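> 3D, please:
(one chain, ligands or ions: 2)
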Amino acid sequence: MLYNDIKHIIKHIIKHFDFEGTYESAEELVNGNVNFTYKLYYRQADGSVIHYVLQRINTVAFRDPERLMENIVNVVNHLVDSMREDGINPARRVLTYIRCDNGSYLYEDRNGNYWRADVFIDGTTAYDKIDDGEKFYQAGKGFGEFQRYLFDFPAEKLTDTIPDFHNTKKRFYAFVAAVAADKAGRVKDLEKEIDFFFDRRKMMSEIVNEIESGKIPLRVTHNDTKLNNVLMDNVTGEAVCVIDLDTVMPGSVLYDYGDAIRFGAATAPEDEKDVSKMGVDMGLFKKFTDGFLSEVASVLTKEEIHLLPLGVKVITCELAMRFLTDYIDGDEYFKIKYPDHNLVRARAQMKLLTEVEKHYDEMTEYVDKFIANK
Ligand code: GN1
Ligand code: MG
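Ligands and ions are numbered 1, 2, ... in the order given. Presented below is the predicted three-dimensional model:
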């Protein structure tokens, strides 16, 4: 259920978008941690319903919504053109954005909030968890295919809308600065957690160093490859469309692969309170790896394939540290559902990281097989 004031705001906002049909209702979609997302129901003249997605962009995270939408439109156009060249109908495979009465894809309301909308792809599901290995394989293929389509995307067309998004070296300094500032007075109870990240300081520089030294290439990547960012077909079980294109920026394939494993091969939700439930499901790890690499092994370098498990480690550490940093700052960045939510998230990710560390050699052995076949 939506609060009346949100409903009221939505009614004002939607007038500015070129939606088809008559507005009936809205519901909130809650699996994003940053933007505010609503599903809209529009009745058509023939009685059918078209669903749209309306989003208010969180400008704490995305300071330049206009450049952000430019990036997205460029990426979407590239995907559409590339799919057409491959004889694929892009209709359900790529997000379709809706124009506003100002001619652009972004509407700024009187309070300075930025809104955008796209067509909801019916017959698909955004899963928070998949236990079926075959389906998880398909999710891997979906993200792999997306990465493949971005291979020839000209990086110079993209604005770095969140500079240093996965620069874990800089994120470590930001964490240290947050600890020193102790804005919310929470540091005194966090000695164990803080030590955890100091112990992993060196590891957090590893991917950044590899990119800086040119050992692994900077590519255009998605940068937020949680399982619920790939829509899966309800009938065929195949990946249909990769969504949430906000963070498509230059990055490393290690992070995209790593984040998908972090979220999707975990044995518990990202914010599990009982950390004893948190681990990594190696069966799912293998399935995703098979699917992902079936799409991209031929185009990645040997070094990248070998280092994929490092992506899992570093991104898990990054998320754990970002959640803790936000908790220390007084919850300014991620949306929270209860007071300690960011601390709970941080602890769950820390536990996951220790589990990934235990399986690291096994993961490396597994991905190395794909190098042998190259
Ligand atoms: C945020 O909003 P959402 O859920 O797609 C965050 C990601 C994190 C993720 C953790 C722009 O993504 O980096 O991995 O939460 N997005 C941004 O759940 O910071
Ligand atoms: Mg996102």
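> just the strands in the stretch 101-250 of the chain please.
Applying DSSP state E, counting those that start in this stretch to the stretch 101-250 of the chain gives strands spanning 107-108, 114-119, 124-125, 219-221, 230-233, 239-242, 249-251.
> closest to Leu158 out of these?
Among the strands of the stretch 101-250 of the chain, the nearest to Leu158 by C-beta to C-beta is strand 249-251 (5.8 Å). Every C-beta, even on glycine, is put in place using the N, C-alpha and C of the backbone.
> ok, that closest one: who's next to it in the sheet?
Using DSSP bridges, the strands paired with strand 249-251 are strand 219-221 (antiparallel).
> Could you show which parts of the stretch 151-300 of the chain are in contact with ligand 1?
Applying C-beta under 6 Å from any ligand atom, we find that the stretch 151-300 of the chain lies next to ligand 1 at 224, 226, 244, 246-247, 270.
> residues touching Ala266, list them.
Neighbouring residues of Ala266 by C-beta atoms under 8 Å, 6 or more residues apart in numbering: 278-281, 352.
> out of the residues of the stretch 151-300 of the chain next to ligand 1, which is most surrounded?
Of all those, Asp246 has the most neighbours under the rule other C-beta atoms under 10 Å, reaching 25 neighbours.
> I'd guessed it sits against Asn35; true?
Yes - look at Asp246 against Asn35 with C-beta atoms under 8 Å: they come within range, at 7.5 Å.
> Please enumerate the shared neighbours of the two.
In terms of C-beta under 8 Å, 6+ apart, Asp246 and Asn35 are both contacted by the residues Ile57.
> who in the stretch 151-300 of the chain is up against ligand 2?
Contact residues (C-beta under 5 Å from the ion) of the stretch 151-300 of the chain with ligand 2: 224, 244.
> And the helices in the stretch 151-300 of the chain?
Ranges of helices within the stretch 151-300 of the chain are 168-181, 191-199, 206-212, 253-264, 282-296, based on DSSP state H, counting those that start in this stretch.
> Could you look over those and pick the most buried one?
helix 253-264 (a mean of 28; mean count of other C-beta atoms under 10 Å).
> Low-confidence ranges, the stretch 151-300 of the chain, go.
Judged against pLDDT under 70, the stretch 151-300 of the chain has no low-scoring part.
> ok so, going back, reformat the strands of the stretch 101-250 of the chain as TSV; add mean neighbour count.
Converted to TSV, these look like this (neighbours: other C-beta atoms under 10 Å):
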stretch	mean neighbour count
strand 107-108	18
strand 114-119	21
strand 124-125	16
strand 219-221	23
strand 230-233	22
strand 239-242	22
strand 249-251	20
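> Same list, those strands, but as a markdown table with distance to Arg201 please.
Shown next, in a markdown table, are these (distance: least, C-beta to C-beta, whole Å):
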| stretch | distance to Arg201 |
| --- | --- |
| strand 107-108 | 41 |
| strand 114-119 | 36 |
| strand 124-125 | 39 |
| strand 219-221 | 24 |
| strand 230-233 | 32 |
| strand 239-242 | 33 |
| strand 249-251 | 21 |
